[in-house]
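K.L.:
Kindly generate the corresponding structure for this input.
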Amino acid sequence: MTLRNLIAGGLLACAPLAHAIDLNDDFSLEAKAGVFSDYRTRGISQTQNDPALQGSLTLAHASGLYAGVWSSNVDFGFGSSTRQELDYYAGYFWQINDDVTLDTSYIKYVYPRQGNFNYGEYHTELRAWGVLLGGNYSENFNGDQSMLYSYVGYTTLLPFDTDLLVRYGRNDYKDPSWFANDGTSRDDYHEWEVKLTRTMLSLDWSVSYIDTDLSESECASYLGFKDVCSATVVAAVSKTF
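P.N.:
Sure, this is the predicted structure:
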């Protein structure tokens, strides 16, 4: 088991800059900071079920091109030297019409003082009339391991100006990685999330139910901990500047 196996990446997608600061006619800048009761990526905790402080800074051009950096504290246990994840990303956001968008990007995951954890990932997401279809692909995850994360979701506006997100994803690895007590193994797992978000007092408040189909033994066999893949509720508050 390697510490790197805990990492599934913190950045899923880059949304258009709804609250950006206009620098000039072509460029805009958005900064965001948030506190989370747990940092979960693709269903798995990156902080040993502890809270996380996260922030991002994104520069966007009127053409749809953008670049930025995202960061969070992490805790992978087992004496890992890194306590931070830094994600550098660049991409293109295409507003096809009022209801359809396409986002493509490249993300570089960096873990200070733990360079062997670093890897890159390609991301694509199509949104159409509230439906999300997306995927992330890495060919150098955990050294020579390749990984494909695909997901489908749906977003809609509920009463009281509350946003609902429902998402279901599959993480597929090149080699078998998850081993159960009965001796069986598999190279993929599924995860899902139901999230409610509402803006109040100029802050974005959210609560998510997150779970995976991994058993405790499968979780422990790959990650070293049996409780970082199980169902949880994550509460968060964030501010966009």
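K.L.:
So in terms of bridging, what pairs with residue 152?
P.N.:
Beta-bridge pairing for residue 152 (DSSP bridges): residue 133, residue 168.
K.L.:
ok now do it, which residues does it touch?
P.N.:
131, 132, 133, 167, 168, 169 (CB atoms under 8 Å, 6 or more residues apart in numbering). In this view, the C-beta of every residue, glycine as well, is placed from N, C-alpha and C.
K.L.:
repeat for residue 25
P.N.:
residue 62.
K.L.:
how far away is it from residue 61?
P.N.:
10 Å (CB to CB, to the nearest Å).
K.L.:
Residue 238 now?
P.N.:
24 Å.
K.L.:
Looking at these two, which has the bigger crowd around it?
P.N.:
Neighbours around residue 238 and residue 61, counted as other CB atoms under 10 Å, are more numerous at residue 238. The numbers are 18 against 13.
K.L.:
and that one, bridged to which residues?
P.N.:
residue 34, residue 204.
K.L.:
Selecting buried members of the contacts of residue 152 in ChimeraX, what would you type?
P.N.:
If you want just the buried ones from the contacts of residue 152 in ChimeraX, going by 16 or more other CB atoms under 10 Å, the selection is:
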select :132,167,169
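K.L.:
what would the contacts of residue 152 look like in a markdown table with distance to residue 191 and pLDDT?
P.N.:
Output for these, formatted as a markdown table (distance: CB to CB, whole Å; pLDDT from 0 to 100):
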| residue | distance to residue 191 | pLDDT |
| --- | --- | --- |
| 131 | 19 | 99 |
| 132 | 15 | 98 |
| 133 | 16 | 99 |
| 167 | 9 | 98 |
| 168 | 8 | 99 |
| 169 | 5 | 98 |
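K.L.:
and which of the contacts of residue 152 is nearest residue 205?
P.N.:
Distance to residue 205 across those (CB to CB) is lowest for residue 167, with 18.7 Å.
K.L.:
can you tell me which residues contact the closest one?
P.N.:
With CB under 8 Å, 6+ apart, residue 167 has these contacts: 132, 151, 152, 153, 154, 192, 193, 195.
K.L.:
which residue sits closest to residue 186 in space, ignoring its chain neighbours?
P.N.:
residue 178 (5.2 Å; CB to CB, 6 or more residues apart in numbering).
K.L.:
With residue 212 instead?
P.N.:
residue 43 (3.8 Å).
K.L.:
Report the contact partners of the one you found.
P.N.:
169, 171, 189, 191, 192, 193, 210, 211, 212, 214, 229.
K.L.:
and residue 85, what element?
P.N.:
Taking DSSP states H and E as the criterion, residue 85 maps to strand 84-95.
K.L.:
From the contacts of residue 167, keep the buried residues only.
P.N.:
For these, buried by 16+ other CB under 10 Å: 132, 151, 153, 192, 193, 195.
K.L.:
quick one: the first one and residue 154 touch, right?
P.N.:
By that I understand residue 132. Yes. With contact defined as CB atoms under 8 Å, residue 132 counts as touching residue 154 (6.8 Å).
K.L.:
any low-confidence regions in the protein?
P.N.:
Flagging of the chain using pLDDT under 70 yields the residue ranges 1-19.
K.L.:
And the helices in it, which stretches?
P.N.:
Along the chain, the stretches classed as helices by DSSP state H are 216-223.
K.L.:
quick one: the closest residue to residue 37 other than its chain neighbours and residue 200, what's the gap?
P.N.:
Leaving out its chain neighbours, the residue that sits closest to residue 37 by CB to CB, 6+ apart is residue 235, at 4.7 Å. With distances taken as CB to CB, residue 235 is found 14 Å from residue 200.
K.L.:
Next, count neighbours for residue 112.
P.N.:
By other CB under 10 Å, the residues close to residue 112 number 14.
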